[in-house]
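Asks: please work out how this folds:
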Amino acid sequence: MPGIYIGTSGYNYPHWRGCFYPAGLSSRRWLAHYAARFNTVELNVTFYRLPEAKNFAAWYARTPAGFVFALKGSRLVTHLKRLENVDEAVTDFFAAAGELKEKFGVVLWQLPPGLRADALRLKAFCKLLGTNAVARHARHAFEFRHASWFVPEVYAILRAHNFALCIADAPRWPSAEEVTADFVYLRFHGGRKLYASRYTPEELASWAHKIAAWLREGRDIYAYFNNDAEGHAVANAEELRALVESAMT
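Replies: Model (predicted):
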């Protein structure tokens, strides 16, 4: 049976206190509390800065066996250097992230909206990932935010490396339901109001049927809710998980 990993984009949110985390629970115990409810989390902190190896080791220790981390790739790589001349940055990133060991699942490389499609740049970066021992054993997904990337040439590059095109549901950015790997990576940013709106049962049911179809094809599923305002991400993730379970019976 393929794996299904449904969670949220981040967990360290003070405004979740009371609606997800018990009011008196220390923030140091939030990850353990989260991991008792979900089997995966997408860490956004790795986009803004590179945590030390000891931080990754601590996250590993605070989560149970079978838990999976998705990491958002460093903005130094994606936004500042735009995938070019990033050998050292990639090496540093995976040297630290390797402390997650078998819980290291996927890296999400989110590209900036102003970066247009560049097949040669993408090919070179994908090749670079193949030269790093830790990166080779992780999965990779690309979230493109400029419409020029959604073309067959780009899909072919991703398929050649078994890298996923991130299927992102958002009111602002383009997306395509194109499957390019043996896994599917989904991000839910809020269908109507970015980062804020709650998905309806009908919207989630539609996605659940799609996910069930991909699972039947033998593809693993990674799905993360980024509509974190007022704890909507938590509720929607739990709702989607239940709907997928129902759709698979």
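Asks: quick check, residue 225 in contact with residue 236.
Replies: Yes - look at residue 225 against residue 236 with CB atoms under 8 Å: they come within range, at 4.9 Å. Every residue, glycine included, has its C-beta placed from N, CA and C.
Asks: of these two, who's got more company?
Replies: For residue 225 versus residue 236, neighbours defined as other CB atoms under 10 Å are more numerous around residue 225 (29 against 25).
Asks: distance of the more buried one from residue 92?
Replies: In this view, residue 225 and residue 92 are 29 Å apart by CB to CB, to the nearest Å.
Asks: what is the burial count for residue 89?
Replies: That count, for residue 89 with other CB under 10 Å as the rule, works out to 17.
Asks: quick check: residue 124 is in a helix.
Replies: Yes - judged by DSSP: H, G, I helix; E, B strand; the rest coil, residue 124 forms part of a helix.
Asks: for it, what are its contacts?
Replies: Contact analysis of residue 124 by CB atoms under 8 Å, 6 or more residues apart in numbering lists 83-84.
Asks: repeat for residue 43
Replies: 10, 59, 69-72.
Asks: list phi and psi for residue 223.
Replies: Per-residue torsions, residue 223: phi -130, psi 130 (degrees, to the nearest 10).
Asks: mutual contacts of residue 225 and residue 236, please.
Replies: Going by CB under 8 Å, 6+ apart, residues that sit against residue 225 and also against residue 236 are 188, 199.
Asks: so where's this protein uncertain?
Replies: By pLDDT under 70, the low-scoring segments of the chain are 191-196.
Asks: widest-spaced pair of the contacts of residue 43?
Replies: Longest distance between any two of the contacts of residue 43 is 14.0 Å, between 59 and 72; criterion CB to CB.
Asks: list the contacts of stretch 73-88.
Replies: Stretch 73-88 has contacts (CB under 8 Å, 6+ apart) with 46-48, 50, 89-90, 93, 107-112, 115, 121-122, 124-125, 128.
Asks: okay, it in CSV with CA atoms only?
Replies: Once non-C-alpha atoms are left out, stretch 73-88 reads as follows in CSV (Å, rounded to 0.1, in the frame of the first residue of the first chain):
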residue,chain,number,x,y,z
GLY,A,73,14.4,24.4,0.3
SER,A,74,16.6,27.3,1.3
ARG,A,75,15.7,30.7,-0.2
LEU,A,76,19.4,31.3,-0.7
VAL,A,77,19.2,28.5,-3.3
THR,A,78,15.8,29.4,-4.8
HIS,A,79,15.3,33.1,-4.5
LEU,A,80,18.7,34.7,-4.0
LYS,A,81,20.8,32.6,-6.3
ARG,A,82,17.9,31.3,-8.4
LEU,A,83,19.3,27.7,-8.6
GLU,A,84,22.7,28.9,-10.1
ASN,A,85,26.1,28.6,-8.4
VAL,A,86,24.6,26.9,-5.4
ASP,A,87,26.9,23.9,-4.9
GLU,A,88,28.1,25.1,-1.5
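Asks: distance from the chain centre to that stretch, please.
Replies: Its chain's C-alpha centre and that of stretch 73-88 lie 18 Å apart, by CA atoms, centre = their mean, to the nearest Å.
Asks: check stretch 171-181 too.
Replies: For stretch 171-181, the distance to the chain centre is 13 Å (CA atoms, centre = their mean).
Asks: contact partners of that stretch?
Replies: 113, 139, 141, 144-147, 150, 155, 158-159, 162-169, 189-194, 210, 214, 219.
Asks: repeat the analysis, applying 7 Å as the threshold.
Replies: With contact meaning CB atoms under 7 Å, 6 or more residues apart in numbering, stretch 171-181 is reached by 113, 145, 147, 150, 155, 158-159, 162-165, 167-169, 191-192, 194, 214.
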